[in-house]
Structures are given as C-alpha cells and as structure tokens.
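*Asks:* sequence and predicted structure, then a few things I'm wondering about:
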Amino acid sequence: MTSVLLALLLTLPIVAAIKLLLDGKVSESDLISAMVASILVASIVSGFIIYFQQLANELQHDNDHLKAIIRCFPVPIAISNDANYTVTLNPEFVHTFGYTTDDIPTLDDWWSKAYPDESYRQWVIGDLSTRQQKSTKNGTPFEPMEVNIQCKNGDVKTVIASTTPLGVGFEKMQLVVLYDISEKIDVFNELWLMKSIIDNSNLSNFILNPEGKVVFVNDYACQVLGYTRDELTQMHPWDFDPDFNAEAWPGVWSQLKADKAVNIETRHRRKDGTVLDVEVRGHYIAHRAHEYSFTFVQDITERKIVDAELRIAATAFESQEGMIITDANSKILKINHSFTRITGFTSEEALGRKMTLLKSGIHDTGFYRGMWDSIQSTGSWQGEIWNRRKNGDIYPEWLTITAVKDAGGVVTHYVGTMIDITARKAIEDRVHHLAHYDVLTDLPNRALLSDRLHQALAQAKRDKSKLALIFLDLDYFKPVNDELGHEIGDLLLKQVALRLQHCIKRETDTLSRVGGDEFVIILSHIESDQDAALMADKIILSLIRPFEIEENVINISCSIGIGVYPSHGKDATSLMRVADNAMYQAKRAGRGRFCFYNPDTVNEKLTTRS
C-alpha cells in the first residue's frame, strides 16, 4: 500500500512536468529542480506513512496481546469504557458469575444485577468512587475492596475488587479484577469458629509435639494455670505437673502412638504454686509429616471432693436408700423417707405391721426360708427380691437385712436397707438387648447368633440330627444406598428382615443380621438337605418381589450359601466359613440363587442349585 502511494506521488508530478516542458512553458533546468523537489517531498510523506503504519501495527499487536492475556487469566476480569459500556468479560468472569456481555451490556446493568439490594449497591458505588478519587489524587494504586456479588444463578460470592485505568491507547477504559475469596472466607470462618469453641470451652486444651513441648494452648488453660500463652508455649508437661518427670515422656508418647489415646488423673501446679487435681485425655493426631498430642485437661478438684462426700454418705446410710427397722418379730418400728418414696407406704400406714405388707407373691416359701436361714446363721442376707408397692405395682429391689443382737447374742432388731433397682434392671435389659440384637432390624446379632449356633450344634450332636446354616447376602443393595440414600437402604433392610421372618416359622430356628446386607439363618433338626433347599427357594422368591419404599419401587435379589452339619462341618467356625464360601459361589454363578457347599471339590468349589 505504501509503495503504491509513493509511486503515485512520484508519477503525477513527473507527468505534469513533462507536459509543461513539451508545451515550452518551463525550461529543462526548472523541470529537473521541480522533479527533485517532488521526489524529496514524496519521500518525506512516505516516511511518515510508513512510521504511522508501523505504530498502528504495534498498537494492534499490543491490543491482541492484551486480549490474549485477559482471556487466559484465571481470575475474573472485566473492561469498561468511559461511556459506561461493558467492553470485555473474560471466560473466567463468565464461569464465576454466570453473566455475559448480553446480560450486562452497561455498568448500570451490572450494578443492578450484581448488587440487587439498593442500599448495599449505593454503598459499593460510593466506596468505589471514593477509592478511585483517592488513587487519582495521590497517584497511588487503587486500594482493593471486599464486596459480595450476586451471581446469575442467585449464589452470592465474596470477592476482592480492584480497578485501574489502562495505559496508552486505552486511556478511556478501566480494567476491573474480581478475585473470588468465597471458599477462603468459609475456611476462615470455620477455623475462627473452631478456635472460638476451643478458647471458650471449660476444658484446657494443649497441643504437644513429639518432644513434649507445648505448641498451642487455649485461653482457658492460661486462665486456669495463671500463665500467659507465650509462657506456656515454652513449657513441657513436667514443668507444671509435679507428678510427672521428663524421663517418662518417651514412654507416654509411645503409648499414645500405639493406643491413639491416653487417659490419666494427675495434678497440675499453677503459676502461684497452688495445685489442682486434673483429668488428662491425650489423643494422637498425625497430618502429613507432623505428629501431635491433642490434649484435653479438666479440673476435677470439685469432683474429688464430691466423691469423698459420697463415700462418707454411703457409709452413713445416706437416705437415698430405703431403710426399715423392725423388732425381733419383724414388726415395723421405723422407716425413712426413701422407704415411703420407694413403696408408697407412709409411717402411719407401715408402723406396727409386719414386713409381709410388701410381699409380692412371686417368691415361694422356699425362697423366704432360705433368706431367714441365712440371717439366723450368718446374721445377714442380701439379694434381689420382687416386692409390691402400695399401689399394687411389683418392682425389683436390692434388699439387705442385718440382725442386731444384744450383748448376749440375742436378736433384738432387724435393719433393712432397700434400693429400687427398676431403672437398673431396665438398663440391664436394654444393654443386654443392644448387646445381642441388631439395632436396625431387631434381629439377633452376630454375638447372639454364635451363642445359639453353639447351642444348636450341641443339641444336634446329642440328638444325632442334622442342622443347616444359611448365609444370605443381598444382591444390588449397594446401588440402593448410592442412588437413594442410606435412609432408604435402612428401610429396605427392615422390610427384608420382615419378609425373612415370615419365611421362618419354627421357634427352634434363628434368623440374624450379621452386618451390612448379610443375614444368617440356623435351621435346626432338618430331615435332609432338601429342607434347607426348600427354605432357600422360599427366601429367594420372597425377596425378588418388588419393595415399595417411600414411593420408590426397588428390585433386589439375594445370593445364598448353605452349609450342613455334620457333613460340611462339625463346629460353628467351619459351618460359617463354608456357608460364606458357598454364598460367594452363588454370586459368581449369576446371583439370585443358592449353592450347597461341596466338600469333595478342590479349593472348596461349590455345586449350584437353583
């Protein structure tokens, strides 16, 4: 383009000069001078054109380079002009906030959508303007500001906003950078919350490194011991525990690493020299290459005092126990308030009557004869007894009767202490149930299954009868948990348990859940293997029927393995093992079927029946 222009500039004057020469209007010398001047002017003009063309090319290159940087930058960036139009939004801006230039073609559109609350929007605009004016006036960089931006999808993100005018060639444009710190704010808030909980708890918290040095301590620990945080973080446990020495630390650390937790009672010495009783609970924690003991310390001084008082009170027959005094003929002479609380009988109702007013009718004469024989021979009796309250309720009671004798060894009185153990019995029953039954399905658990299996095997040995152990695992149960959630999975397990209970009618048989989606059934006194096969078929048919749970139709099946006593195993461990192996063979054979254990095949291969 430049060459063409230069040719035109040179050609036109030359043509005009030659015409003038031919017409005799100029001399040859004037013509040569004019042509030289024209060439000089054309060269100068061409030089300017080339310079400005190069400058334009450089500006275009810089513009392309800037656009490429902005487009690839991993932080949201926007460019606006003085006319309040949105010029450019980089891909990260669109990804983070969801807005495109079609959504926010002008700054007014951006303000209204990013800050829908008018009062907050006005504050942002005002603060932004103040910071821009300050930056321009002082010639300093823009001071970043933290703002909350509402995204296109309604989410709110916290960002650090910074704006700066672009340089040469872009004087009327502003570059805005919005650094998303939402996740960092969430992490900071969580850390702040955890620190606040630790600092404001009524437990002293220490973090110790493997050398026993305190590297962190909460405010409460400083308050209890009277040291500053800087003082405590230069100390070791043996610096404030008079019962602990530095030589013992390596052993404590080793125990902590092995057991993951250590719990001891010791004493701590405050800065003023006073000592308090404490309970120390240390927990081993490891993260990457770092190891620590996270230690809780509780002041148990008051608890120690209370324990001592309770021991004294127990020795003095604290009135929480019901007390009764009778004469040698068992006629009631005195009772305490706890007796009334436990039995319902007041002093007016009980005095003058005999102890038989509490008799429940549960125990026979042999029980009472044994009780009085013990009192007469040893001077006392204690044990569990069922008595009747005034309202007719029968309740369990721990009763102690002691004979009081005179100097001649003659019984003058009897002193009875009673404790209502209704709650304890209920707890014992509950604990026993929890220890032996599955919490979800209320079926016998693995522990109770083991006990019943041993009993059933012993009975089978005595009777020389057969016994079958059925090991059942649900097919396609994991997708139910993964797709519908564990709550639906738990409801499904409950319904499975109910269907299995409908399949098993005999009281001599046991259905148990041994974990996850596995169930085990003991079939006692079977005539042949066919009895177990029929039961397995019955179970499979029951479980392939669809389950309807909270508007969900669920289809599953089961794989069953069967071991038979005595042909497949003569003890509980063997039967469980072979039944389990048979179940896995059923799964490999296609699921929804059962397999008997075949002891004649190598590597415990199984025969399949369906």
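*Replies:* Nice, thanks for sending it over.
*Asks:* now do the contacts for the residue nearest to Phe345 when sequence neighbours are not counted.
*Replies:* Leaving aside its chain neighbours, Phe345 sits nearest to Lys390 (5.2 Å; criterion: CB to CB, 6 or more residues apart in numbering). Bear in mind the C-beta positions are built from the backbone N, C-alpha and C, glycine included. Shown in contact with Lys390 (CB atoms under 8 Å, 6 or more residues apart in numbering): 343-345, 349.
*Asks:* am I right that Lys390 sits in a helix?
*Replies:* No. Assignment of Lys390 by DSSP: H, G, I helix; E, B strand; the rest coil gives coil, placing it outside any helix.
*Asks:* and it, how far from Ile419?
*Replies:* Counting by CB to CB, to the nearest Å, the separation of Lys390 from Ile419 is 18 Å.
*Asks:* could you do Leu500 as well?
*Replies:* Computed with CB to CB, the distance linking Leu500 and Ile419 is 42 Å.
*Asks:* those two: who's more crowded?
*Replies:* Leu500 (23 against 16; other CB atoms under 10 Å).
*Asks:* hang on, the more buried one packs against Ile540?
*Replies:* No. Shown here, Leu500 and Ile540 do not form a contact pair, counting by CB atoms under 8 Å, at 11.2 Å.
*Asks:* of the contacts of Lys390, which belong to strands?
*Replies:* Secondary structure from DSSP state E places none of the contacts of Lys390 in strands.
*Asks:* of those residues, closest to Asp580?
*Replies:* In terms of CB to CB, no member of the contacts of Lys390 lies closer to Asp580 than Thr343, at 54.6 Å.
*Asks:* the closest one against Asn387, yeah?
*Replies:* Yes. When contacts are counted by CB under 8 Å, Thr343 is listed as touching Asn387 (7.3 Å).
*Asks:* overlap in contacts, those two.
*Replies:* Common contacts of Thr343 and Asn387, defined by CB under 8 Å, 6+ apart, comprise Leu358.
*Asks:* specify which residue of these two has the higher count of neighbours.
*Replies:* The residue with more neighbours, out of Thr343 and Asn387, is Thr343; 25 against 21, by other CB under 10 Å.
*Asks:* Glu321 - how many residues pack around it?
*Replies:* The burial count assigned to Glu321 is 18, neighbours taken as other CB under 10 Å.
*Asks:* is it true that it touches Gly416?
*Replies:* No. Contact criterion CB under 8 Å: Glu321 and Gly416 do not qualify, at 9.7 Å.
*Asks:* right, and the helix or strand after the helix or strand harbouring Leu474?
*Replies:* Leu474 belongs to strand 466-475 when assigned by DSSP states H and E. Going down the chain from strand 466-475, the next helix or strand is helix 477-484, by DSSP H and E.
*Asks:* can you give the domain ranges for the protein?
*Replies:* The chain breaks down into these domains under automatic domain parsing: 2-65, 75-180, 197-304, 318-425, 437-609.
*Asks:* which parts of the stretch 501-610 of the chain are helices?
*Replies:* Using DSSP state H, counting those that start in this stretch, the helices found in the stretch 501-610 of the chain span residues 529-544, 572-588.
*Asks:* now the longest one: buried residues?
*Replies:* To tie it back to what came earlier, the one meant is helix 572-588. Across helix 572-588, burial judged by 16 or more other CB atoms under 10 Å covers 572, 574-587.
*Asks:* any low-confidence regions in the stretch 401-550 of the chain?
*Replies:* Judged by pLDDT under 70, the stretch 401-550 of the chain has no weakly predicted residues.
*Asks:* kindly report the same for the chain.
*Replies:* Residue ranges of the chain with pLDDT under 70: 1-70, 72, 167-171, 186-201, 310-320, 599-610.
*Asks:* one more time with 80, if that's ok
*Replies:* Applying pLDDT under 80 to the chain flags the ranges 1-73, 82-83, 87, 166-173, 182-202, 287-289, 308-320, 423-430, 598-610.
*Asks:* can you list the domains of the chain in TSV and add distance to Val431?
*Replies:* Below are these laid out as TSV (distance: least, CB to CB, whole Å):
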stretch	distance to Val431
domain 2-65	76
domain 75-180	49
domain 197-304	22
domain 318-425	10
domain 437-609	11
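*Asks:* winner for burial among the ones you listed?
*Replies:* domain 437-609 (a mean of 17; mean count of other CB atoms under 10 Å).
*Asks:* if I read this right, Asp277 contacts Lys304, doesn't it?
*Replies:* Yes. The pair formed by Asp277 and Lys304 meets the contact definition of CB under 8 Å, at 5.0 Å.
*Asks:* quick one: the strands in the stretch 301-450 of the chain?
*Replies:* Secondary structure of the stretch 301-450 of the chain (DSSP state E, counting those that start in this stretch): strands located at 322-327, 332-335, 380-388, 394-405, 411-420.
*Asks:* let me know which of those strands is the nearest to Thr100.
*Replies:* Closest to Thr100 of these, according to CB to CB: strand 411-420, at 75.4 Å.
*Asks:* and the contacts of the closest one?
*Replies:* With CB under 8 Å, 6+ apart as the test, strand 411-420 has contacts from 317, 321-328, 330, 333, 339, 342, 355, 375, 387, 395-406.
*Asks:* how about stretch 570-582?
*Replies:* Residues contacting stretch 570-582 (CB under 8 Å, 6+ apart): 450, 453-454, 457, 469-471, 520, 560-563, 565, 568-569, 594-597, 599, 604, 606.
*Asks:* what does stretch 204-221 give?
*Replies:* Where contact means CB under 8 Å, 6+ apart, the residues beyond stretch 204-221 that reach it are 198-203, 224-225, 229, 232-238, 246, 249, 253, 278, 282, 291-299.
*Asks:* what does stretch 402-410 give?
*Replies:* Counting by CB under 8 Å, 6+ apart, 328, 375-376, 379-380, 411-416 sit against stretch 402-410.
*Asks:* and these, which is closest to Pro144?
*Replies:* If you rank the contacts of stretch 402-410 by distance to Pro144 using CB to CB, Gly416 comes first, at 81.5 Å.
*Asks:* next one: that closest one from Phe345, what distance?
*Replies:* With CB to CB as the criterion, Gly416 and Phe345 are 13 Å apart.
*Asks:* give the residues shared as contacts by these two.
*Replies:* With CB under 8 Å, 6+ apart, Gly416 and Phe345 have no common neighbours.
*Asks:* okay, the helix or strand hosting Ala161 in PDB with CA atoms only?
*Replies:* In the assignment (DSSP H and E), Ala161 maps to strand 156-165. Extracted in PDB, the C-alpha atoms of strand 156-165 (Å, rounded to 0.1, in the frame of the first residue of the first chain):
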ATOM      1  CA  VAL A 156     -23.500 -14.900  46.400                       C
ATOM      2  CA  LYS A 157     -19.700 -14.800  46.200                       C
ATOM      3  CA  THR A 158     -17.300 -12.700  48.200                       C
ATOM      4  CA  VAL A 159     -14.600 -11.100  46.100                       C
ATOM      5  CA  ILE A 160     -11.700  -8.700  46.400                       C
ATOM      6  CA  ALA A 161     -12.300  -6.000  43.700                       C
ATOM      7  CA  SER A 162      -9.600  -3.800  42.200                       C
ATOM      8  CA  THR A 163      -9.800  -1.400  39.300                       C
ATOM      9  CA  THR A 164      -7.200   0.500  37.300                       C
ATOM     10  CA  PRO A 165      -7.200   2.600  34.100                       C
END
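*Asks:* now for that strand, which elements pack on it?
*Replies:* Applying 3 or more CB pairs under 8 Å, 6 or more residues apart in numbering; DSSP states H and E, we find strand 156-165 packed against helix 118-138, strand 145-150, strand 173-180, helix 182-200.
*Asks:* what's the closest of those to Pro105?
*Replies:* Nearest of the helices and strands packed on strand 156-165 to Pro105, taken as CB to CB: strand 173-180 at 15.3 Å.
*Asks:* Thr422 touches Ile394, doesn't it?
*Replies:* No. Using CB under 8 Å, Thr422 is not in contact with Ile394, being 10.0 Å away.
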